[in-house]
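*Asks:* let's see this in three dimensions:
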Amino acid sequence: MTTATWYHRDITRVRAEELLARAGRDGSFLVRDSESVPGAYALCLLFQRHVHTYRILPDADGLLAVQATQGVQVNCFRTLSDLVVGYQHPHKGLVAPLLYPVMRESDVCFLCSLVICKCLHLFMCMCLHVKIKVVRYGRQTVSVDIDAGVLLFDKKTGSFGVETVTHDRIVQLVKIQRGPAKLKMVIDSHHNPPRELVFESLKKREAFCRLLQLMKTAHCQQSELDVISVFVGTWNMGGTPPPGSLQSWVTCCGLGLTPDESIATLPHDIYAVGTQDNPQGEREWAEHIRATLRSATNIDFKQVAVQSLWNIRLAVFVKPEHEGHISQVNTASVKTGLGNTLGNKGAVGVSLLFNGTSMGFVNCHLTSGSDKALRRNHNFQDILRLLSLGEKQLGTFDISLRFNHLFWCGDLNYRLDLDALDILKHVSKREFDELMCADQLIRERHRRKAFFNFKEEKILFPPTYRYERGSRDCYLWQKYKSSGVQVNGPSWCDRVLWKSYPESHIICTSYGCTDDIFTSDHSPVFATFEVGVISQSSRTELGSERASIELEATEVIVKTASKAKFFIEFHSRCLEEPRRSAENDSQCCEVPGFLKLGWSSKQFPKLHPVFSDLEHLRDQHLLLSVKSCDGFESYGECCVALHSVTGKSSDLFETCLTHRGEEMGSIRGRIRAYGPPDRRRIRERVYGLALGFSFVEYKSNVCPQVSVLHGAPETVRELLSTLGLQRYTLDLSRNGWDDLDYFR
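*Replies:* Numbering: from 1, shown residues only. Okay, here's the model as predicted:
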């Protein structure tokens, strides 16, 4: 009995409640000694955020029983272990079954160390067989030895042996924009001149960076992860059963931005696999994916959730060692077919919390047809508004603002507005940039009609639809019907996009499609991401000095003809409950259709986070909603990062307001967060090792519109922001400048 992990012997009632609150899941339980009856025990069970305590009393024969209310059958057990097993089933008289034992803190530390050691052993065994000789620096070749935690610079002609650089001496990596195969490495100190390394290819450089980061993680002294790898895949199966092997899909082998072969088989931490027109049952499909992952990685992944809507499915899996990091799992679906009543088109979603980082995954199948782009935009807006994922208290915000990271995949069905023969000509020459000019999704994104503020990695693979089944050699773009010939020009229907909170760490490390799965007229698409994760928060101890968040003078421009008064509502995971400001103390209409609102610092409440650790506070975000005082309706929402505002002075923030996926105005002001000096803990981040992003320089004859589609400012506000002159936006609008006229 004394060795049972859930038995805490002599802890106090208050400490037991703290441990259960930290566990956070209904069905979490522990057993402690009774404080009032010698020889008795107390069973503490968490349900709906309340701790229910049941007394366990021994009878004259030494048998143990849970003290029950009158009329409830009493069950007796020889040991506490037997009692716990007996109450693991529902309807036994407790408010919930005993599902999740809360371990003693010493056991948790030991288990964490054991899991980390097992994982590192498995990973190191894998990587010992990976030969990395990809970098040439002068006459040197560098190799990564993950087991030893060192880089080996092999000096060749006229050398004096091998130079060894330990992992802790590597201060920073800087990816060079002008050369996709170049990397600068800072060793020992920022004051030392960096070494410039030249790789054989971009893939080799990315593989080298990935292995360096994994080496740093393997030898890091921290107990918590701060970076994970996420796989997101989408495939329209065309109503046909899958082939026996899907390994090329889950290992990102094929066309486009793909990983180097030396790291292709390294497992990701989370897999989110979306399908459309899937003929297999939910259970059969989930087991097929698990078997594929097991075959590819030698790991038995744990299923987090599977959600289906007709033949649209989304399955999420996680490494077994991360299962304890996952909580608050939710699933949902939305129908968008035939007046939002049929589920042949629509979306499914899964959301979860990984430690302190919220993630959402959406898989959708939107309206088909080359001329249905407007309908697809409406589908997107309906899904954004109606998909019920994440925390219920964030119901004011659409799902694009409810998560640190939102991944959106599926058969979006946006087409290329170009003659099919012209498309085929460009595809044969791999002139994908020219085709981007005609891509409906890129056009609608830049018109701010769909997927506003979402990101997508550059497409370097051929259109994934519509292939002739049985090969990837040709597109079957003509479909003969009784009504005539229907043209389905090759298009990038299958996409992966994402949206993250500002100042969050996320890098897309691959984006492509397979070239060896032929059962459907669509090719499976994959994307992988390096994602920074936040540690779980620890609540402030009673009596300790609390941190504070303060807002100063703030200005809002909102699109409305209303003359109502407004207030700003604040939501955050670092706040105990939502807070709101007083109503605005200034208001004017300088531009027809827009209202300028102002709040002075005295109109804002002082916000007190539930923890005082400023380093943890730097990872948090504030969600703001501008609401009318009369109808309490939201006129615009946004997210503000606290990463840069934890200092002595306030910092300026400025961002756009959106509502239901559309831009509704802007907000700017000053904000600062501060706390007790002794709480300024500094934590090294493994993902802080590398700065910059992966770049590929291309030389092609790009059509004139491409430069606009790939990031040139489309409005006066964007142009001024690029030049650092945001404050002049309102003055220009006052004088009648029109965004569209200016850029025609």
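*Asks:* flag the shaky bits of the stretch 101-250 of the chain, pLDDT-wise.
*Replies:* For the stretch 101-250 of the chain, applying pLDDT under 70 flags the ranges 105-140, 155-161, 177-180, 221-223.
*Asks:* would you map the strands across it?
*Replies:* 135-137, 140-145, 150-155, 162-166, 170-175, 182-187, 195-199, 227-236 (DSSP state E, counting those that start in this stretch).
*Asks:* the fourth one packs against which elements?
*Replies:* It stands for strand 162-166. Contacts defined by 3 or more Cβ pairs under 8 Å, 6 or more residues apart in numbering; DSSP states H and E place strand 162-166 against strand 150-155. Just so you know, the C-beta spots here come from the backbone N, C-alpha and C atoms, and that holds for glycine as well.
*Asks:* how about K449: what's its closest non-neighbour residue?
*Replies:* Closest residue to K449 apart from its sequence neighbours, by Cβ to Cβ, 6 or more residues apart in numbering: N377 at 4.9 Å.
*Asks:* err, A296, not the other one
*Replies:* Q247 (4.9 Å).
*Asks:* got a list of what the one you found touches?
*Replies:* Neighbouring residues of Q247 by Cβ atoms under 8 Å, 6 or more residues apart in numbering: C253, T292, S295, A296.
*Asks:* ditto for P194
*Replies:* Q172, V174, K184, M185, V186, I187.
*Asks:* the last one: neighbouring residues, count only.
*Replies:* Same thing as I187. For I187, the count of nearby residues is 15 (other Cβ atoms under 10 Å).
*Asks:* repeat that for the second one.
*Replies:* Burial measure for V174: 15 neighbouring residues, criterion other Cβ under 10 Å.
*Asks:* what's the answer for the first one, then?
*Replies:* Counted with other Cβ under 10 Å, the neighbours of Q172 add up to 14.
*Asks:* quick check: it vs E503, distance?
*Replies:* In this view, Q172 and E503 are 19 Å apart by Cβ to Cβ, to the nearest Å.
*Asks:* could you do the last one as well?
*Replies:* Distance, I187 to E503, using Cβ to Cβ: 28 Å.
*Asks:* in contact with S333, which residues?
*Replies:* So S333 contacts Q307, S308, L309, I312, G343, G346, A347, V348, G349, L387 (Cβ under 8 Å, 6+ apart).
*Asks:* try it again at 7 Å.
*Replies:* Shown in contact with S333 (Cβ atoms under 7 Å, 6 or more residues apart in numbering): Q307, L309, G346, A347, V348.
*Asks:* now secondary structure too, for the residues you listed, in TSV please.
*Replies:* Conversion of the contacts of S333 to TSV gives the following (DSSP: H, G, I helix; E, B strand; the rest coil):
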residue	secondary structure
Q307	strand
L309	strand
G346	strand
A347	strand
V348	strand
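*Asks:* which one of those is nearest to I667?
*Replies:* Of all the contacts of S333, I667 sits closest to A347, with 29.1 Å by Cβ to Cβ.
*Asks:* for the closest one, grab the count of nearby residues.
*Replies:* Counted by other Cβ under 10 Å, the residues lying close to A347 total 30.
*Asks:* got a list of what it touches?
*Replies:* S333, V334, V362, N363, C364, I383, L387.
*Asks:* can you verify the second one is assigned to a strand?
*Replies:* Okay, so that is V334. Yes: using three-state DSSP, the secondary structure at V334 is a strand.
*Asks:* can you check the pLDDT for it?
*Replies:* You'll see V334 listed with a pLDDT of 97.
*Asks:* domain ranges for the chain, per the record?
*Replies:* Per the record, the chain has its domains at 13-107, 130-218, 227-532, 548-681, 699-743, by automatic domain parsing.
*Asks:* so which of those domains is nearest A4?
*Replies:* Among the domains of the chain, domain 13-107 sits nearest to A4 (Cβ to Cβ), with 5.9 Å.
*Asks:* residue boundaries of the helices in the stretch 151-300 of the chain?
*Replies:* Remark: helices assigned in the stretch 151-300 of the chain by DSSP state H, counting those that start in this stretch are 202-218, 247-250, 282-297.
*Asks:* in TSV: those helices, plus distance to C474.
*Replies:* Shown next, in TSV, are those (distance: least, Cβ to Cβ, whole Å):
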stretch	distance to C474
helix 202-218	28
helix 247-250	20
helix 282-297	28
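*Asks:* closest to F526 out of those helices?
*Replies:* Among those, the nearest to F526 by Cβ to Cβ is helix 247-250 (6.0 Å).
*Asks:* how close does L99 get to E18?
*Replies:* 19 Å.
*Asks:* near D145, how many other residues are there?
*Replies:* For D145, the number of neighbouring residues by other Cβ under 10 Å comes to 17.
*Asks:* quick check: it touching D154?
*Replies:* No: the criterion here is Cβ atoms under 7 Å, and D145 misses it with D154 at 11.7 Å.
*Asks:* spit out the contact partners of the nearest residue to R385 once chain neighbours are set aside.
*Replies:* Counting by Cβ to Cβ, 6+ apart, R660 is the residue found nearest to R385 once chain neighbours are left out, at 5.3 Å. By Cβ under 7 Å, 6+ apart, the contact set of R660 is Q381, L384, R385, D398.
*Asks:* which residues touch T357?
*Replies:* By Cβ under 7 Å, 6+ apart, T357 lies in contact with N404, V533, I534.
*Asks:* state the distance from the spatially most central residue of the chain to G281.
*Replies:* The chain has H405 as the residue nearest its centroid, 2.9 Å off, counting by Cα atoms, centre = their mean. Relative to G281, H405 is positioned 30 Å away (Cβ to Cβ).
*Asks:* A21 now?
*Replies:* 39 Å.
*Asks:* check T464 too.
*Replies:* 25 Å.
*Asks:* looking at the two, which one has more neighbours?
*Replies:* Neighbours per residue (other Cβ under 10 Å) separate T464 from G281, with T464 holding more: 29 against 11.
*Asks:* next up, the contacts around the more buried one.
*Replies:* Counting by Cβ under 7 Å, 6+ apart, T464 touches W492, C493, D494, C513, H522, S523, V525.
*Asks:* could those go into a markdown table alongside neighbour count?
*Replies:* Formatted as a markdown table, the contacts of T464 follow (neighbours: other Cβ atoms under 10 Å):
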| residue | neighbour count |
| --- | --- |
| W492 | 25 |
| C493 | 27 |
| D494 | 24 |
| C513 | 29 |
| H522 | 24 |
| S523 | 25 |
| V525 | 29 |
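*Asks:* and which of those is nearest V84?
*Replies:* V525 (46.4 Å).
*Asks:* the closest one and S535, how far apart?
*Replies:* From V525 to S535 the distance is 32 Å (Cβ to Cβ).
*Asks:* cool, A332 as well?
*Replies:* Counting by Cβ to Cβ, the separation of A332 from S535 is 27 Å.
*Asks:* where does the stretch 601-744 of the chain dip in pLDDT?
*Replies:* Ranges of the stretch 601-744 of the chain meeting pLDDT under 70: 677-744.
*Asks:* tell me where it has strands.
*Replies:* Taking DSSP E, counting those that start in this stretch to define them, one finds strands in the stretch 601-744 of the chain at 621-628, 634-641, 651-659, 662-674, 690-691.
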